[in-house]
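Q: Return atomic coordinates for the entry below.
(2 chains)
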Protein chains: 2
Amino acid sequence: MNTLLGKLTFDANGLIPAIAQQHDTGEVLMMAWMNRDSIEETLKTGQVCYWSRSRRKLWRKGESSGQEQRLVELRLDCDGDTLLLLVDQKGVACHTGRRNCFFLAWRGGELVEIAKPLVAPEQLYK
Amino acid sequence: MNTLLGKLTFDANGLIPAIAQQHDTGEVLMMAWMNRDSIEETLKTGQVCYWSRSRRKLWRKGESSGQEQRLVELRLDCDGDTLLLLVDQKGVACHTGRRNCFFLAWRGGELVEIAKPLVAPEQLYK
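A: As a prediction, this is how the structure comes out:
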């Protein structure tokens, strides 16, 4: 584990950005942040755990919504300052109820919503 | 353009992370940073331009190496604090000569190199 952590460059807040990608379809699900503790927990449990910058605590993805991410593989980039998490997403990744967070596209000079919620947020966080 | 910029949340340095994904294969190529100017230039020219944090200037991807990224679509996430760039990558994306930057995988307790350079870095930056 120290081999890995030693290769990583964390920012001034001790964080590193992590891209979550659905392992078999290539869909980019979301981007969030990890710290040392969340990386260790993720590798130990096999369930993705981020660091919530707003709540300032470990964010076990799916803990309240059930929309967990099982880690398939963790990769790092050439500079060691970004992680790519290949995951198996249970249900939807986005808190809005959409499969992924990138549902706004810039097309023809305006923002277009290109995906609808698959589940109502009230259902996710009840 | 202001509609878009107004939706985005930039960090304390005026930057926002941008994930580049090959539009037709789903391959995650790299993650880099953009500021307002680089987003405007990217949308104007159709060629991806980042902000280089180390060189502190606009980084027109491929300017010196020829490995340009043509923008296919720009998307933003639910919080407006991450961009997903669907691109058409010319040649390799990584400065090491690999197709993408995420060539180190954590497998069985060690870092494994899962992709070899397709072109020598000396060839890219000559």
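Q: What parts of chain A come near chain B?
A: A:1, A:3-4, A:7, A:17, A:19, A:21, A:25-28, A:30-31, A:43, A:73-79, A:82, A:84, A:94-96, A:98, A:101-107, A:109-111, A:114 (C-beta under 8 Å from any C-beta of the partner chain). For glycine as for every other residue, the C-beta is placed from the backbone atoms N, C-alpha and C.
Q: How about chain A: which residue is closest to chain B?
A: A:G26 (2.6 Å; C-beta to the nearest C-beta).
Q: so who does that residue touch?
A: Applying C-beta atoms under 8 Å, 6 or more residues apart in numbering or on different chains, we find A:G26 in contact with B:Q21, B:T25, B:G26, B:E27, B:V28.
Q: Go again with 7 Å.
A: Contacts for A:G26 (C-beta atoms under 7 Å, 6 or more residues apart in numbering or on different chains) come out as B:G26, B:E27.
Q: Mind jotting down where the strands sit in chain A?
A: Using DSSP state E, the strands of chain A run over residues A:16-22, A:28-34, A:49-52, A:57-60, A:69-76, A:83-89, A:104-107, A:110-113.
Q: which secondary structure elements does the second one contact?
A: For strand A:28-34, the helices and strands in contact under the criterion 3 or more C-beta pairs under 7 Å, 6 or more residues apart in numbering or on different chains; DSSP states H and E are strand A:16-22, strand A:49-52, strand B:16-22.
Q: right, and those - which one's nearest B:E122?
A: Closest to B:E122 of the helices and strands packed on strand A:28-34 is strand B:16-22 (C-beta to C-beta; 23.6 Å).
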